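>>> From the sequence below, what's the structure:
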Amino acid sequence: MYSPRVFVETCLDRQLDLIDAYSFGCLMVQDEQGGIEIAHLPFVLDRGAGPHGRLRAHVARTNPIWRLATEGRPVVAVFSGPHGYVSARWYEEPGKQVPTWNYAVVHAHGHASGPMSRDDLTALLDDLAAIHERGAPEPWSTRELDRELHESLLRGIVGFSIAIERLEGKFKLSQNRSPADQARVARALGERGRPDDLEMARLMTPRDEGR
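The predicted structure is shown next:
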């Protein structure tokens, strides 16, 4: 990933926080013909597994990507965080600037292993439901599934894990602008008020502010 140094995010916690918050990622693996097989998947991040964490996911058994991924090829999972248009009007001298796009992304590189055992696959599905049902008035659980249906669904999917070997973080958040322009962009994002705008404005807050 092309990343000018000013936009490179090296803080492991911030990288993993983004994966946690935007856990629907894009898995990419090269196939035998040199093409790229791509799948869009919900991942579970296990922060404490290894120096950079571990990802778990599942796909339909008929999806060829799991075989490619577990044959020893390098894999990349891409997680896209908040993003949005930045108007040149927001800068101190809009006649000397052009609009841009700010965003935060993390690429997780590693190798996959699988297929998961039945117990590990069941645990993955339980974890996915628990994470995304969190805060619901009546959280749904896989334990509510009809047993026969549950078994049928398990036979139709394959689970795998990815040991993260390297993380690339790019948080393009106006770091190449003057402090005054950075403040103006953060304020304008807050005023526009879309969910991604508010999250970008939060990421632009100095890390030591308020400590």
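>>> Report the mean per-residue pLDDT for stretch 77-88.
Mean pLDDT, stretch 77-88: 98.
>>> May I see the buried residues of it?
77-79, 81-82, 84, 86 (16 or more other C-beta atoms under 10 Å). All C-beta atoms are positioned from the backbone trio N, CA, C, and that covers glycine.
>>> and it, how far out from the chain's middle?
Going by C-alpha atoms, centre = their mean, to the nearest Å, the spacing between the C-alpha centre of stretch 77-88 and its chain's C-alpha centre is 12 Å.
>>> which residues sit against it?
Applying C-beta atoms under 8 Å, 6 or more residues apart in numbering, the contact partners of stretch 77-88 are 18-19, 21-23, 25-28, 43, 55, 94, 97-108, 110, 162, 174, 185, 188-189, 192, 194-197, 199-200, 203.
>>> Sort out for me which of these are in strands.
With DSSP state E as the criterion, strands contain 25-28, 55, 100-108, 110, 162 from among the contacts of stretch 77-88.
>>> pLDDT weak spots in the protein?
Regions of the chain meeting the criterion pLDDT under 70 cover residues 207-211.
>>> From the centroid of it, which residue is nearest?
Central residue of the chain (C-alpha atoms, centre = their mean): residue 79, 2.7 Å from the mean position.
>>> Next, it: secondary structure please.
Residue 79 falls in the strand class when you classify it by DSSP: H, G, I helix; E, B strand; the rest coil.
>>> quick check: longest helix of the chain.
The residue-count maximum for a helix in the chain (DSSP state H) belongs to helix 118-133.
>>> Give me the buried positions along it.
Within helix 118-133, the residues scored as buried using 16+ other C-beta under 10 Å are 121, 124-125, 128-129.
>>> I'd like to know which of these is nearest to residue 150.
For the buried residues of helix 118-133, the closest approach to residue 150 (C-beta to C-beta) belongs to residue 125, at 9.0 Å.
>>> could you measure the residue lying closest to that closest one once chain neighbours are set aside against residue 27, distance?
Of all residues not flanking residue 125 in the chain, residue 142 sits nearest, at 5.4 Å (C-beta to C-beta, 6 or more residues apart in numbering). Distance, residue 142 to residue 27, by C-beta to C-beta, to the nearest Å: 23 Å.
>>> Compare neighbour counts for the two and give me the winner.
Between residue 142 and residue 27, counted using other C-beta atoms under 10 Å, residue 27 has the larger neighbour count: 25 against 15.
>>> list the helices and strands the stretch of helix or strand residue 57 belongs to packs on?
Element membership for residue 57, per DSSP states H and E: strand 54-60. With contacts defined as 3 or more C-beta pairs under 8 Å, 6 or more residues apart in numbering; DSSP states H and E, the packing partners of strand 54-60 are strand 36-42, strand 44-46, helix 118-133, strand 157-172.
>>> Save these as TSV, and put in distance to residue 62 too.
Listed next are those as TSV, based on distance: least, C-beta to C-beta, whole Å:
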stretch	distance to residue 62
strand 36-42	12
strand 44-46	22
helix 118-133	16
strand 157-172	9
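>>> Determine which of these approaches residue 60 most closely.
Nearest to residue 60 among those is strand 157-172 (5.9 Å), distances taken as C-beta to C-beta.
>>> thinking again about what came up before, quick one: closest of the helices and strands packed on strand 54-60 to residue 147.
When these are compared by C-beta to C-beta, helix 118-133 sits nearest residue 147, at 12.1 Å.
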